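>>> Turn this into a model:
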Amino acid sequence: MSHRLFVKRKPKVTVTTAESFFPVPLEILEEIFLNLPPDQVVCVCRSVCHQWKEVADSESLWRERCRREGYRLRDASKTPKDWRLFYFLCKKRRNLLKNPRAEHKMKNWQILENGGDNWKVERVMVPHPNESVQKNFVTSYGMCKKSQLIDLGMEGYNPSFMDDFQPDIKISDWYAPRWDCGSEYEIRVELLNQRKRPIETFAPETIYFEQWNDQKWNEMTHVFQNYGPGVRFVRFTHGGKDTQFWAGWYGIRVTDSCVEICPAVDT
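Numbering: from 1, shown residues only. Model (predicted):
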């Protein structure tokens, strides 16, 4: 009597991937991705298969997305190291300071010093370079300082992003004296860690204006770069006073202050 050995064969399994189920040329897939929300491309499409990941990570996709949405390089000779990062930084770029042009009086600002006749909001005495700026904060004969604390996490810049990419942080501020009174201007901007301790500080010397000046607007700018990991907050502080000790509001004027996270090649 012969015995046969029967081996049960496993059924053949066909693995269906996005490439086999939905085979399309890469250029067509890229066009589809260009018409989807960018977050969906990164968080959903990129995880589907190797082909989709290749397109979602491609330089051409994000360079074209920048072109279509008008995110252009200020210096065409410079090229972003990462077009996807450049795109998202441009898309999220905005002034993180609230009420920078005194349109809502002193709202959102913490008054640190309120000397003389205190802070006041006035209409600009001379036209600002940006015609949409119509109001400014003005100081008095005693030191006046105000501050704002920006929570980067609350603004959408999570800790891992800040630590891994350390995007440029650009600050700017406009200030002007009165023509008939001397004044002084101060600014201090700090990058703070989770405990609100300084990691890096921008604090230039006090700027003084003589009496009988041209009363023009001046811009203060600075870009924080390569500041290291741990930045979670930005504290913006500025102010000043007049130097004649005149009652009223003859001190420095400030307006259109700005703190923004921006691409390194576009600061």
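>>> buried residues in the helix or strand hosting Val121?
Assigning secondary structure by DSSP states H and E places Val121 in strand 120-123. By neighbour count with 16 or more other CB atoms under 10 Å, strand 120-123 contains the buried residues 120-121. All C-beta spots, glycine's among them, are computed from the backbone N, C-alpha and C.
>>> can you give me how far it is from the chain middle?
27 Å (CA atoms, centre = their mean, to the nearest Å).
>>> Also stretch 161-172?
Distance, stretch centre to chain centre, for stretch 161-172: 8 Å (CA atoms, centre = their mean).
>>> Show me what the mean pLDDT comes to for it.
Averaged over stretch 161-172, pLDDT sits at 96.
>>> If you count neighbours, what's buried in that stretch?
In stretch 161-172, the ones that count as buried by 16+ other CB under 10 Å are 161-162, 166-172.
>>> now do stretch 58-66
Within stretch 58-66, the residues scored as buried using 16+ other CB under 10 Å are 58, 61-66.
>>> For the residues you listed, give me CSV that also has distance to Ala76, secondary structure and pLDDT.
As requested, the buried residues of stretch 58-66 are exported to CSV (distance: CB to CB, whole Å; DSSP: H, G, I helix; E, B strand; the rest coil; pLDDT from 0 to 100):
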residue, distance to Ala76, secondary structure, pLDDT
Ser58, 21, coil, 94
Leu61, 20, helix, 96
Trp62, 17, helix, 94
Arg63, 13, helix, 94
Glu64, 16, helix, 95
Arg65, 18, helix, 95
Cys66, 13, helix, 94
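>>> out of these, which one sits closest to Leu85?
Trp62 (8.5 Å; CB to CB).
>>> right, and that closest one touches Phe86 too?
Yes. Assessed by CB atoms under 8 Å, Trp62 is found in contact with Phe86 at 7.3 Å.
>>> where along this structure do the strands fall?
Remark: strands assigned in the chain by DSSP state E are 110-114, 120-123, 135-138, 144-151, 168-176, 183-192, 198-202, 207-209, 218-224, 233-242, 253-262.
>>> Alright, I will stop here.
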